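S.K.: Please work out how this folds:
(2 chains)
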Amino acid sequence: MSDGPAAPARPAIQFAPEDDVPIRYMERTRAYYQALGFSPYRWAHFTDAPFTPLAVPLARARVALITTAAPFQPEAGDQGPRAPYNAAAKFYQVYSAKVDSKPDLRISHVGYDRANTVPEDLDAYFPLTRLQEAVAAGRIGGLTPRFHGAPTNRSHRVTMETDAPELLRRCREDGADAVVLVPS
Amino acid sequence: MGCARDIVEHCGVPRFVWSDFPLGNSAGRPFDAESQARTLELALRLLESAPAARTTVASPLRWTADPDWKRKYLDVGKLTPEDIAERRKEFDVVKAVAKAKREGA
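M.R.: I've put the predicted structure just below:
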C-alpha cells in the first residue's frame, strides 16, 4: 500500500519581514543630526555616472585598491576595534602604501555601525588578502604596486577637485586597468 | 564594494556590489574568508560584465537570519532629551578636533 503523495517541498523563497529592507542611511542620518540641532548634510548626487568597459581580460588586468581606512597613528588616541568615533584619526590627504607591506589600517575615524559590528578583521573592510589570492588563482592579472587611501572629507569640492584627481593620477602612474573602491 | 545602498546609488557609480551588512563590512563577513572571497568575486564579475553605469549587484549573503540589527542603527526615536544634549556636546568636540586636524594637514 502506498504512503500517499509526498508533501510539497517548502519553498526556498518566503515572505520577509516588512522592515527587512536596505537601511535608509540618508534618512536616518538626516533625522539624527537634525535631532541634535544641525542642518542636514547634502549627499553627493549627479545626473550621470561614468562608465568604461574593461579594456583587457581581467586575467591580464592590473587592479588597484582604494580604501577609506587610515594607517594606525600612534599619537592619535584610541583607534582600536571598540574605539568610539575618533576624529583625531582622520586623514585629509591621499596616502599610498605598498601592497606587500602588511598594512595596519583602522576605521575608528569612520561612522561605521558600532552597534552591530566590531572591526577586528581587516579583511572585512580592506580586501587586499582576497585580491592577492585572486591574483594567485589567475583571476586577475596582477595588483598595482601600491594601494591608496581616500580621505573621508565631507566637502564635495575638495573631494572632486583635490582628492579624486590625485587618486586618479596615482592609479595611472601605477598602470591600473581597473580600480576597486572599498569605503568603510 | 559597500554596505550603504542608498548613499552609493544616490551618488551614482559605474558598478556597485552591495552587501546588506552593517557599515564597516564592505568586503564581507569578519573572519569568514569564504564570504569575503564571494563578495570580491561579485565585484570582479561586475568589472567584466556590467552593461552600463549604475549597475548594482546585491550580494546574496545575509548578516544574520534575524534582521533586527537593521532597526538599531542611529535610531533617534529611542533617544531622550538628555541623550540628545549629551550627543550634541560630544559632536561639537568631534567637529573641533576634525577642524584642527584638517587645518593642520
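S.K.: switch to C-alpha atoms for all contacts and neighbour counts from now on
M.R.: Will do.
S.K.: what's the pLDDT at residue 9?
M.R.: I'll assume chain A. Looking at residue A:9, its pLDDT reads 60.
S.K.: Chain B, not that one
M.R.: With respect to pLDDT, residue B:9 has a value of 98.
S.K.: mind listing what it touches?
M.R.: Residues near residue B:9 by C-alpha atoms under 8 Å, 6 or more residues apart in numbering or on different chains: residue B:54.
S.K.: now swap in residue A:68 and tell me
M.R.: Counting by C-alpha under 8 Å, 6+ apart, residue A:68 has contacts A:107, A:149, A:150, A:151, A:152, A:182, A:183, A:184.
S.K.: Nearest to chain A: which residue in chain B?
M.R.: Nearest residue of chain B to chain A: residue B:11, at 4.2 Å (C-alpha to the nearest C-alpha).
S.K.: Neighbours of residue A:16, how many?
M.R.: Neighbours of residue A:16 under the rule other C-alpha atoms under 10 Å in any protein chain shown: 9.
S.K.: Distance check, it against residue B:56.
M.R.: Here the criterion is C-alpha to C-alpha, to the nearest Å. By it, residue A:16 lies 21 Å from residue B:56.
S.K.: Please narrow the contacts of residue A:68 to those residing in strands.
M.R.: Among the contacts of residue A:68, DSSP state E puts A:149, A:182 in strands.
S.K.: hmm, back to that, Three-state assignment for the closest residue in space to the residue of chain B closest to chain A that isn't next to it in sequence, please.
M.R.: Residue nearest to residue B:11 in three dimensions, not counting chain neighbours: residue A:45, with 4.2 Å by C-alpha to C-alpha, 6 or more residues apart in numbering or on different chains. Using DSSP: H, G, I helix; E, B strand; the rest coil, the structure places residue A:45 in coil.
S.K.: Residue A:45: what's it in contact with?
M.R.: Here residue A:45 is in contact with B:10, B:11, B:12 (criterion: C-alpha under 8 Å, 6+ apart).
S.K.: If any of those are buried, put those into a PyMOL selection.
M.R.: Filtering those down to the buried ones (16 or more other C-alpha atoms under 10 Å in any protein chain shown) takes a single PyMOL command:
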select buried, chain B and resi 12
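S.K.: In strands, which of the contacts of residue A:45 appear?
M.R.: Residues of those located in strands (DSSP E): none.
S.K.: which one of the contacts of residue A:45 sits closest to residue B:72?
M.R.: Residue B:72 lies nearest to residue B:10 out of these, by C-alpha to C-alpha, at 22.6 Å.
S.K.: and the closest one, what is it in contact with?
M.R.: Shown here is residue B:10, whose contacts under the criterion C-alpha under 8 Å, 6+ apart are A:43, A:44, A:45, A:46.
S.K.: Phi and psi next, for the nearest residue to residue B:37 once chain neighbours are set aside.
M.R.: Nearest residue to residue B:37, sequence neighbours excluded (C-alpha to C-alpha, 6+ apart): residue A:130, at 6.0 Å. With angles defined as degrees, to the nearest 10, residue A:130 sits at phi -70, psi -40.
S.K.: so what's residue B:103 up against?
M.R.: Listed by C-alpha under 8 Å, 6+ apart, residue B:103 has no contact partners.
S.K.: Look at it and tell me its secondary structure.
M.R.: Under three-state DSSP, the three-state class of residue B:103 is helix.
S.K.: chain center to the one helix or strand residue B:98 maps to: distance?
M.R.: Residue B:98 belongs to helix B:81-104 when elements are defined using DSSP states H and E. The chain centre lies 22 Å from the centre of helix B:81-104; the measure is C-alpha atoms, centre = their mean, to the nearest Å.
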